[in-house]
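Chemist: just a sequence and a predicted model for now, questions to come.
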Amino acid sequence: MKKICVSIFVFMTFIFGVQSSWGQNAIEINKAAFESTASLKKQIKFNTDQENKVFDAYKLYERQLAHIRALESNSLDTLDDEKKKVYASLCDNLNIILTEEQYELFLYLEKQ
């Protein structure tokens, strides 16, 4: 009986620890997405609807980057390729959200 109680305790501790780290990761992702959106909004003026969509695009981007960082045991070439794919996906999403002039300004700012 004692072994069962200890096993349950260890299992519950593991579950709560995993949820805590996922929650912290989500907070960091949201913070990074908010900061990126706010920075872009200072440079490119867009409306509230676009701002919400840009935030969602950055949140997806940050979530994918966090997943790539978690896989750092893979080769560096693979990680660089994955990061490029994720960035290309962000650019595609922003191209859909922003107007043509706004998107061109975004690309210009990214080159600097």
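Modeler: Happy to help now that I have it. Residues are numbered from 1 along each chain as shown.

Chemist: neighbours of Tyr58, how many?
Modeler: Residues within reach of Tyr58, counting by other Cβ atoms under 10 Å, total 23. (C-beta placed from N, C-alpha, C; glycine too.)

Chemist: which SSE is it in?
Modeler: Counting by DSSP states H and E, the element that carries Tyr58 is helix 48-70.

Chemist: so what's Leu65 closest to, chain neighbours aside?
Modeler: Among residues not flanking Leu65 along the chain, Val86 sits closest, at 6.1 Å (Cβ to Cβ, 6 or more residues apart in numbering).

Chemist: burial measure for the one you found, as a count.
Modeler: Counted with other Cβ under 10 Å, Val86 comes out at 18.

Chemist: who are the packing partners of the host helix or strand of it?
Modeler: Assigned by DSSP H and E, Val86 falls within helix 76-97. Helix 76-97 makes packing contacts with helix 48-70, helix 100-111 when contacts are defined by 3 or more Cβ pairs under 8 Å, 6 or more residues apart in numbering; DSSP states H and E.

Chemist: quick one: residues contacting Glu62.
Modeler: Residues near Glu62 by Cβ atoms under 8 Å, 6 or more residues apart in numbering: Ile29, Ala32, Ala33, Ser36.

Chemist: and these as a markdown table, adding pLDDT, neighbour count and distance to Lys42?
Modeler: Putting the contacts of Glu62 into a markdown table (pLDDT from 0 to 100; neighbours: other Cβ atoms under 10 Å; distance: Cβ to Cβ, whole Å) gives the following:
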| residue | pLDDT | neighbour count | distance to Lys42 |
| --- | --- | --- | --- |
| Ile29 | 91 | 19 | 21 |
| Ala32 | 92 | 17 | 16 |
| Ala33 | 93 | 20 | 15 |
| Ser36 | 93 | 18 | 11 |
